[in-house]
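Enquirer: Give me a model of this one.
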Amino acid sequence: MTTFWRKTKLAAVASVCLAISSFAAPAAAEIPQVDGKLWVESTTEQKQAYLVGVVNLLAVSQALREKRGTADASDPMARYLAAADTQSIAQIQARLDSYYANSANLSVPVLGALWRASVAAR
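Expert: Residues are numbered from 1 along each chain as shown. I've put the predicted structure just below:
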């Protein structure tokens, strides 16, 4: 193998290693807890995107449980989905906005507030 090809391969390997290490850095960043403080600072679009993501994640997980035969209508995931089926994303957002209007609730994570405002309230 010629020196040119060795240098080219070495440069390619170094480039790949550098690229991989640059992707790893953001993963180490702290992900903030989505609580009332972050909720009230978010835009309507961000709030609704978060809720759509949560509902989709729960729906996929529930579908997998059903496929495996481990789904239970009384488990929390099924209860979240049942509550989401009876409300629009905008209605859920309005309930959470109302819940977080009380500043004493700002430290409550959004999933906990969602449970209190939409699931337990049913």
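
Enquirer: Surely Arg65 is in contact with Ala73?
Expert: No. If you go by CB atoms under 8 Å, Arg65 and Ala73 don't touch, sitting 10.8 Å apart. To be clear about C-beta, it is placed using only N, CA and C from the backbone, and glycine gets the same treatment.

Enquirer: Neighbour count: these two, which is higher?
Expert: Neighbour count, other CB atoms under 10 Å: between Arg65 and Ala73, Arg65 has more, with 15 against 8.

Enquirer: Give the closest residue to the more buried one in space, chain neighbours not counted.
Expert: Closest residue to Arg65 apart from its sequence neighbours, by CB to CB, 6 or more residues apart in numbering: Ala71 at 4.1 Å.

Enquirer: just checking, that neighbour touches Gln62?
Expert: Yes. Judged on CB under 8 Å, Ala71 makes contact with Gln62 at a distance of 6.3 Å.

Enquirer: With adjacent residues omitted, what lies nearest to Ser107?
Expert: Closest to Ser107 by CB to CB, 6+ apart is Asp35, at 5.9 Å.

Enquirer: did I read that right, the residue nearest to Arg65 in a strand?
Expert: No. The assignment for Ala71 (DSSP: H, G, I helix; E, B strand; the rest coil) gives coil, which keeps it out of a strand.
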